[in-house]
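Novice: Sequence plus the predicted model coming up.
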Amino acid sequence: MKKLLFGGTLLLLAFMLSACGSAPDQNNLSGGCSKETKTCADGSVVTRTGENCEFTPCPEEAAASDMIRVFNPGAGEVITRPLQIIGEARGPWFFEASFLIQLLDGKGNLIGQTIATAESDWMTEDYVPFSALMEYPLNVSGAGTLVFIKNNPSGLTDNDAQLRLPILLTGTDNNLLETENLPAINPSELGEQINPDQAQAQEVKLYYYNAHIDQDEAGNLRCSPTALGSVSRELSPTDTPIADTIQTLILGGLGQAELDAGLSTEFPLPGFALNSANLDNNGVLTLEFSDPENKSSGGSCRVGILRAQIEATAKQFPEVKEVNFIPETIFQP
């Protein structure tokens, strides 16, 4: 009997020693999670916790966890342009049936934004389906982030919330992908119908403030809305060239040589987005913007230049004779 008890004791000790000597969780250091931290949008810092050592949700992520669901694209999915976004959000996520979606590249730079629109009555606490279509530049690829921003007309930080969705960027057009299965066409059969250069891209001009041409005789800046210079950009073929050109303007993106030439801009303005562009038969272009953070207001000098940039960019199209802004209070001192 003593031999049996002794043998059992040895087996128990062996089991305990093997458990203690098992390989530690690679996420843990010294019996706990690593000291890695993540900075949240509001400036707060969270650490890794729990059995899987995941980051504690940021305040805005925690607020969004039960408020919005995204069905397309999925997390980590490779996206193509134009990007179709589909999901559902609870009514309080919207205001006037819409909210802002932004696209960031791997360095956190804003490269696209659009307005998501509710597809049913948003005056509810239940989930409401939404959809949106977003363009972004062709020459971007790699890691990116879609940011779904709760519409917060109150401006109170306690009401802020956002959902961040990691994706992979590619500059490929959906319509180009769809041509892979089409039969080959003999170019000689096309005659004069298609100009290959025009089919690939359209050159447009974006107008920015130029300090070098805005000086009086004494060298002082006059802050004139007419002191604008243009830069050329190429857009992929589109059915909405005017709206896409203005969208490109308000995303900013001046190169170093253009900055050295004296051009400057305050675009992009946080939260500022183009909702729609409609041209009537009389050549009147009506542009509707959203500006939840009221970034388009200010002194007459500043807002005059911002407004002039958009008007000049729009009027490069010969069919545009006049530009109206909605709301009328946009770009007002």
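Specialist: Structure's in. What do you need? Residues are numbered from 1 along each chain as shown.
Novice: how far away is the residue nearest to Gly304 when sequence neighbours are not counted from Leu206?
Specialist: Setting aside the residues directly before and after it, Gly304 is nearest to Pro225 in space (CB to CB, 6 or more residues apart in numbering), at 4.4 Å. In short, each C-beta sits where N, CA and C put it, glycine included. Computed as CB to CB, to the nearest Å, the Pro225 to Leu206 distance reads 16 Å.
Novice: which of the two has more neighbours?
Specialist: Looking at Pro225 and Leu206 with other CB atoms under 10 Å, you find the greater number of neighbours at Leu206, namely 27 against 19.
Novice: any idea how far the more buried one lies from Pro237?
Specialist: Here the criterion is CB to CB. By it, Leu206 lies 18 Å from Pro237.
Novice: go on, Asn294?
Specialist: Asn294 is 36 Å from Pro237, where distance means CB to CB.
Novice: repeat for Asn72
Specialist: According to CB to CB, Asn72 and Pro237 sit 24 Å apart.
Novice: you'd agree Gln316 is up against Glu203?
Specialist: No - checked against CB atoms under 8 Å, the pair Gln316 and Glu203 is beyond contact range at 10.4 Å.
Novice: Now stretch 281-291: average pLDDT?
Specialist: Taken as a whole, stretch 281-291 has a mean pLDDT of 93.
Novice: What segments of the protein are helices?
Specialist: 2-20, 59-64, 174-177, 196-200, 241-250, 256-260, 300-314 (DSSP state H).
Novice: Around the residue nearest to Ala97 when sequence neighbours are not counted, how many other residues sit close by?
Specialist: Take Ala97 and drop its neighbours on the chain: the residue closest to it by CB to CB, 6+ apart is Ala118, 4.2 Å away. Residue neighbour count, defined by other CB under 10 Å, stands at 21 for Ala118.
Novice: what do you get for Ser276?
Specialist: Ser276 is flanked by 12 other residues according to other CB under 10 Å.
Novice: Now do the same contact list for it.
Specialist: Counting by CB atoms under 8 Å, 6 or more residues apart in numbering, Ser276 touches 243, 286-288.
Novice: Let me have those in CSV, extended by neighbour count.
Specialist: Shown next, in CSV, are the contacts of Ser276 (neighbours: other CB atoms under 10 Å):
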residue, neighbour count
Ala243, 20
Thr286, 14
Leu287, 21
Glu288, 16
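Novice: I'd like to know which of those residues are part of strands.
Specialist: Of those, the ones assigned to strands by DSSP state E are 286-288.
Novice: For Phe94, state which of those is nearest.
Specialist: For the ones in strands among the contacts of Ser276, the closest approach to Phe94 (CB to CB) belongs to Glu288, at 16.5 Å.
Novice: Relative to Cys53, how far out is Ser224?
Specialist: 58 Å.
Novice: wait, Glu96
Specialist: Noted for Glu96: a distance of 41 Å to Cys53, by CB to CB.
Novice: More neighbours: which of the two?
Specialist: Ranked by neighbour count (other CB under 10 Å), Glu96 and Cys53 place Cys53 first, with 17 against 11.
Novice: Can you lay out the ones in strands among the contacts of Ser276 as CSV showing distance to Ala218?
Specialist: Below are the ones in strands among the contacts of Ser276 laid out as CSV (distance: CB to CB, whole Å):
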residue, distance to Ala218
Thr286, 40
Leu287, 36
Glu288, 41
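Novice: which of Gln316 and Glu203 has more neighbours?
Specialist: It is Gln316, of Gln316 and Glu203, that has more neighbours when counted by other CB under 10 Å, with 14 against 10.
Novice: Show me how this protein divides into domains.
Specialist: Using automatic domain parsing, the domains assigned to the chain come out as 60-174, 200-326.
Novice: need the contact list for the nearest residue to Thr238 once chain neighbours are set aside.
Specialist: Leaving aside its chain neighbours, Thr238 sits nearest to Asp244 (5.0 Å; criterion: CB to CB, 6+ apart). Counting by CB under 8 Å, 6+ apart, Asp244 touches 135, 235, 238.
Novice: same question, Val303
Specialist: Contact analysis of Val303 by CB under 8 Å, 6+ apart lists 296-297, 331-333.
Novice: tell me the pLDDT at it?
Specialist: Value for Val303, per-residue pLDDT: 89.
Novice: that older thread, can you redo the domains of the chain as JSON lines, where the extra columns are distance to Thr49?
Specialist: Listed next are the domains of the chain as JSON lines, based on distance: least, CB to CB, whole Å:
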{"stretch": "domain 60-174", "distance to Thr49": "13"}
{"stretch": "domain 200-326", "distance to Thr49": "31"}
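Novice: I'd like the distance between the residue lying closest to Leu100 once chain neighbours are set aside and Trp122.
Specialist: Taking CB to CB, 6+ apart, and ignoring the residues beside it in sequence, Leu100 has Ile149 as its nearest neighbour in space, at 4.6 Å. Spatial separation of Ile149 from Trp122 under the definition CB to CB is 15 Å.
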